[in-house]
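1. Using only what follows, build the 3D model:
(3 chains)
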Amino acid sequence: MQLYELNLHEMIEGLKAKKFSADELLTSCQNRIDSLEKNLNALITRLDDKKISNPSGILAGVPTILKDNICTRDIKTTAASKILGEWKPPYDATVWKLLRDAGSVLIGKANLDEFAMGSSCTKSAYGATKNPHDISRVPGGSSGGSAAAVAAGYVPFSLGSDTGGSIRQPASLCGVYGFKPTYGMVSRYGLISYGSSLDQIGPFARTVRDLQIVMSVLAHHDEMDSSSFREKNYDFSYDESKLNLKGKKIALVKEFQSFNLEPSIANAMDKIKKILEDEGAEIIEVSLPVVSKYSLACYYALAMSEAHTNLERYDGVRYGYTVQDASGLKEMFERVRSYGFGPEVKYRIIAGTCLTEPSRCDEYYVAATKVRTLVAQEFARAFTQTDFILQPAASSKAPKINELDQIDELKSYEADLYTLPVNLAGLPGLSFFTGYDDDNLPVGLQLIGARWSDPEILNAGIVIENHTGSPKIANGGLN
Amino acid sequence: MKLTKEEVNDIALESRLVLTEKELEGTVKFINNFLTMLDSFKELDLKDVEPFSFAETLECPLRADEIHPFENTQGIINQSAHVEDNLFKVPRIMEAQ
Amino acid sequence: MPELEFTPVIGIEIHIRLKTKTKIFCSCSTNTDVPPNTHVCPVCMGLPGSLPRLNYEVVQQGMLAGMALNCEVQPKSLFFRKSYFYPDLPKGHQISQCDLPIVAGGFIEVHDENGNLKKIRVNHLHLEEDVGSLHHSASDGRLEGAAISYVDYNRSGMPLAEIVSEPDVSSAKEAVEYVTTLRRRVIYSGASDVELEKGMMRFDANVSMKCSDGRWGRKVEVKNMNSFHALEKAIEYEIKRQKKIMLQGGEILQETRHWNDAKGVTTASRVKEFYRKFIVEPDLPPLIISQEWIDKTKAMFPEMPDVRARRYVNEFKLTPEAADMLTDNKALADYFEACVKAGAEPVRASHWVRTEVLRILNEKALKIDSFNITPDSLANLIKRIDAGKISTTQAKEVFDAMTNNNLSLDEAIKSCGITEGGIVGDALSSIIQKVIAENPDVLAEIKSGKDTKGKKLKFLQGLVMKETKGQAKPQEVAEALTKALN
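-> Numbering: from 1, shown residues only, chains lettered A, B, ... in the order given. Next up, the predicted model:
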């Protein structure tokens, strides 16, 4: 057994017990990256080997990887876009500060769909990331690099961001656990914004218990983020006495039941329902008519409206890609932006601009903000009837990279239907591993909870994991 | 067809994006499909629904009026290729239309 | 055919810098007296990943400024993103409360052409961030023709209040009175210093014309006025221009025009009208202001200058002119009231403040806050005049000594060689004896009886007065001298 294969809590215990050193662990992870990165392209930036001196904190000496839309001081941060060029942020994102203060060591910045817009991790200015279980397939996205890195054993945990499923869907396709916390649970300060009211940072790991450890570090009020939670405290510690689903209600969404699921996903649903019932939980149905019918349109209207304003700052004046020989300002902005943004980003900028034009604003943008109110209300009502909602995290297994072109743009948006309503309502969602299908590809599902039920969801995840077992490390295209 | 090629091109230019003919065609198709999708909002009675909802019904926290200078202003300035004497230099603002 | 009449319809937008230590959304200092791009941070530079954080004091000052405009504080307001591309706007959008403002529905009173009071309604005041400043390298420093511009983001994120009036203004004169009164009231509220020379107040005007034949001209937005004078001239110019076009049967174009202060004209802007659209600022939840906070602010809201002036007339029996002059500057009025509180008679205190105090402030280019005679000292000086202990002439000498040499009242009196209550009794007698002894020839002449007209006696009297430095009463000197001679 190699050190990189250990899960996060095993690494922490091993380091504490001095079974191995932080340097040995780091070397093991770096070697793993050396052997797989040419197959996977999970990283945009690799950071040099550094000897670790006197690590301290709960994550002391544990290597990690951040999605490359999380700002790291003096370390290139690209959001996988040409427009950011060689930008080195002059400041650290709060999440990285927290991890570093807890002793974690940054060894790479992970690939993503440009500005987190996409669900395949192929729409990156730095090339596509491959699924470590089958390198002809996508890892999912947009946090595909972060998911692949954990699945392939680069690091025991990583951070991604989730605006409409960008943690949960790649976690499912890569066979790892991915957690999207309640909006406001984890600071967004230093996360390069896509849809600000939907974005949330969260962890990937190979066990739910490892997610708990990372969440215990990340879940802190941050005065730098006006949407960060205040007043409350959340306990993410591992506690066997809380691992109990007896009497809990777990709902299926009525309107989703008529959908034709891929057999592997349908089988996984049956398997997990049975596990939950065996644990004493009651499976019920809730009806979410507005959510199921309107959240797709609502989500994209809001995400694109916010995205286009978040991307207005990229003009080449203060940072990132620029031109030196423009004869006028308009020309400079046009050249910088037309070259710097990729096609998907341009689509979304133009769509967002279109929706918020004075003549269309009420009909589309303002209407979408109202639909969001209805979506949130519908979920709030549902959570008076149930503790959790169970549903797929993706509508299919990981697509083949060379078959992506055949998928229509808007059809690929529909694939997010299982994940994006969660962001509209700011709910927490756990994407969990259930097993492997006939092609030996992992199959994941999703557990959704009420706002601020994050610790309870993770406890439920451990109960399920105790039945399914944890995922194995993917071979990353090595034979 | 909700929006013509010309209209979409104008919107792109407002966003300071110059599209190639191929990009423009793709965008027109995309935008029009997208707007059709959003037309579904008309099925809902939204008259009395609160607009501008936030994921969390928070109120805006207020920061004390205390000066905390950012310690790495040079780190900001150094990232621009247009700095001269600590000022950001940009080409002429008025240009012939 | 009756002559056509034109009524100008004018709305005014004012930007005022609010008085805070830090910017609206970050902890950078608002002090602009520093090298370019030094008071900047990821937030006011719009760096990717940065998030705004609202300054408590901006909200407080916004409430106070709003109250100065007779507006109501709104319990819930919201920030929006106002988009346009310009290099001084680092995020490509400005965070502004444009649609759901913090205060709304006020008014300012001005005098119409007949001298009657008229209300100019204030639609609202909203909070927003300022943009960076542009320096143009054209030889005349202007926008047009500049080949290169330089951007300094120190001003980016400065807290602004935008005040939008209803189109109730009918003349350039009313416009000036509106902004002057508004400025004075806002300064009074403590929300802003509104120092015009530092660009803390900027104006835009929407001017259109209504013709007696029923025609309405389109609205023209006139920008780039930075002084009261410019505002007045620009509106006058625009009224004349539009009237001329309408008289000739032409159409007024709806456009944005720039005031060119040097040439005294407005010119159509060559920049295409900024494309503006709003979305909610998703990074700032709604601003909720509790009734408790509103009440607290009302309690600390100071008396407004016009109310104060009226009180001075009623309570202190000052003339309206004196009351206006004193209340023009809140600190000066506070100084005056402190004098009165310390026991000075109000009319005399008002006179002293308006003449002597203002004279010194002018001469030394001082502000009342740094004036070295405390209201208590001035009150004591006035009290001594009233008690007959020193004369008004002496008092002025003492006042100068106090301020010039930084002396207390008693020290100044001493340094001026003044004997309080005047020179009487033995002191006076000894001076008389001294004068007589020094002028034996005059004495002889008087004694000889030749001084029939009393000229020599008057001469001696004058010498005595001079010796006492005017601190003896002439009547008493005459009596004592006559007595000494007999």
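2. chain center to stretch C:300-310, what's the gap?
-> Computed by CA atoms, centre = their mean, to the nearest Å, the separation of stretch C:300-310 from the middle of its chain amounts to 14 Å.
3. Quick one: end-to-end distance for it.
-> From the first residue to the last, stretch C:300-310 extends over 20 Å; the measure is CA to CA, to the nearest Å.
4. Show me what it is in contact with.
-> By CB atoms under 8 Å, 6 or more residues apart in numbering or on different chains, the residues outside stretch C:300-310 that reach it are C:64, C:67-68, C:109, C:181, C:184-185, C:188-190, C:311, C:320, C:323-324, C:326-328, C:330, C:333. Quick note: C-beta positions are derived from backbone N, CA and C, even for glycine.
5. and if we set it to 6 Å?
-> The list of residues contacting stretch C:300-310 from outside it, by CB atoms under 6 Å, 6 or more residues apart in numbering or on different chains, reads C:Met67, C:Arg184, C:Arg185, C:Tyr188, C:Ala323, C:Asp324, C:Thr327.
6. Please apply the same query to stretch A:167-177.
-> By CB under 6 Å, 6+ apart, the list of residues contacting stretch A:167-177 from outside reads A:119, A:139-141, A:143-144, A:147-148, A:150-151, A:160, A:178, A:180, A:202, A:204-206, A:208, A:211, A:393-394, A:398, A:419, A:429, A:431-433, A:442, A:444, A:446, A:471.
7. Please save the CA atoms from that stretch in CSV.
-> Taking C-alpha atoms only, stretch A:167-177 is exported to CSV below (Å, rounded to 0.1, in the frame of the first residue of the first chain):
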residue,chain,number,x,y,z
ILE,A,167,-19.2,19.6,-7.2
ARG,A,168,-21.9,17.0,-7.0
GLN,A,169,-22.0,15.9,-10.7
PRO,A,170,-18.2,15.4,-11.1
ALA,A,171,-18.0,13.6,-7.7
SER,A,172,-20.6,11.2,-9.0
LEU,A,173,-18.9,10.6,-12.4
CYS,A,174,-15.5,10.2,-10.7
GLY,A,175,-16.6,8.0,-7.9
VAL,A,176,-15.8,10.2,-4.9
TYR,A,177,-17.8,12.1,-2.3
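8. before we move on, back to that, which of the contacts of stretch A:167-177 fall within helices?
-> Within these, residues falling in helices by DSSP state H are A:Gly144, A:Ala147, A:Ala148, A:Val150, A:Ala151, A:Val208, A:Leu211.
9. In contact with the second one, which residues?
-> For A:Ala147, the contact set (CB under 6 Å, 6+ apart) comprises A:Pro139, A:Pro170, A:Ala171, A:Cys174, A:Val176, A:Phe204.
10. Neighbour count, pLDDT and distance to C:Pro159 added to those, as a markdown table?
-> What follows is the contacts of A:Ala147, written out as a markdown table (neighbours: other CB atoms under 10 Å in any protein chain shown; pLDDT from 0 to 100; distance: CB to CB, whole Å):
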| residue | neighbour count | pLDDT | distance to C:Pro159 |
| --- | --- | --- | --- |
| A:Pro139 | 36 | 97 | 46 |
| A:Pro170 | 39 | 98 | 42 |
| A:Ala171 | 38 | 98 | 43 |
| A:Cys174 | 36 | 98 | 47 |
| A:Val176 | 34 | 98 | 46 |
| A:Phe204 | 32 | 98 | 41 |
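11. Look up how far C:Ser156 lies from the residue sitting furthest away from the middle of chain B.
-> Taking CA atoms, centre = their mean as the measure, the residue most remote from the mean C-alpha position of chain B is B:Glu66, 31.0 Å away. As defined by CB to CB, to the nearest Å, B:Glu66 lies at a distance of 19 Å from C:Ser156.
12. likewise A:Val138?
-> Counting by CB to CB, the gap from A:Val138 to C:Ser156 is 41 Å.
13. What pairs with the biggest strand by length in chain B, parallel or antiparallel?
-> Among the segments of chain B that qualify as a strand by DSSP state E, the longest is strand B:87-91. Next to strand B:87-91 in the sheet, as set by DSSP bridges, lie strand B:83-84 (antiparallel), strand C:148-152 (antiparallel).
14. dump the residue contacts of the spatially most central residue of chain B.
-> Note on chain B: the residue nearest the mean C-alpha position is B:Ser15, at 7.2 Å, using CA atoms, centre = their mean. The contact partners of B:Ser15, taken as CB under 6 Å, 6+ apart, are A:Ile349, A:Ile350, A:Thr353.
15. tell me which element the residue in chain A that chain C sits nearest to falls in.
-> Residue nearest to chain C within chain A (CB to the nearest CB): A:Glu312, separated by 2.5 Å. Element membership of A:Glu312 [criterion: DSSP states H and E] is none; it lies in no helix or strand.
16. where does the nearest residue in space to it that is not next to it in sequence land on pLDDT?
-> Counting by CB to CB, 6 or more residues apart in numbering or on different chains, A:Glu312 lies nearest to C:Gly92, which is 2.5 Å off, once chain neighbours are set aside. Listed pLDDT for C:Gly92 reads 95.
17. From what I see, C:Gly92 and A:Asn310 are in contact.
-> No - taking CB atoms under 6 Å as the definition, C:Gly92 is not a contact partner of A:Asn310, at 9.1 Å.
18. Give me the contact list for the top helix by length along chain B.
-> Counting residues, the longest helix found in chain B (DSSP H) is helix B:21-38. Among residues not part of helix B:21-38, those counted as contacts by CB under 6 Å, 6+ apart are A:297, A:301, A:347, A:350-351, A:354, A:364, A:409-410, B:1-3, B:5, B:8-9.
19. same thing but at 8 Å, please
-> When contacts are defined by CB under 8 Å, 6+ apart, helix B:21-38 is touched by residues A:296-297, A:300-301, A:343, A:346-347, A:350-351, A:354-355, A:364, A:367-368, A:409-410, B:1-5, B:8-9, B:12, B:19.
20. Need the phi and psi values for the residue sitting furthest away from the middle of chain A.
-> Among residues of chain A, the one most distant from the C-alpha centroid is A:Ser327; the distance is 41.7 Å, by CA atoms, centre = their mean. Note on A:Ser327: backbone dihedrals following degrees, to the nearest 10 are phi -90, psi -20.
21. Got the confidence number for it?
-> Spelled out, the predicted local distance difference test score at A:Ser327 is 88.
22. Now it. Nearest residue, chain neighbours left out?
-> B:Pro91 (6.4 Å).
23. residues contacting that neighbour?
-> B:Pro91 is in contact with A:Ala326, A:Ser327, A:Gly328, A:Leu329, A:Glu331, A:Met332, C:Ala147, C:Ile148, C:Ser149, counting by CB under 8 Å, 6+ apart.
24. pLDDT at C:His223, what is it?
-> Quick fix: residue C:223 is Lys, not His. According to the model's per-residue confidence, C:Lys223 sits at a pLDDT of 90.
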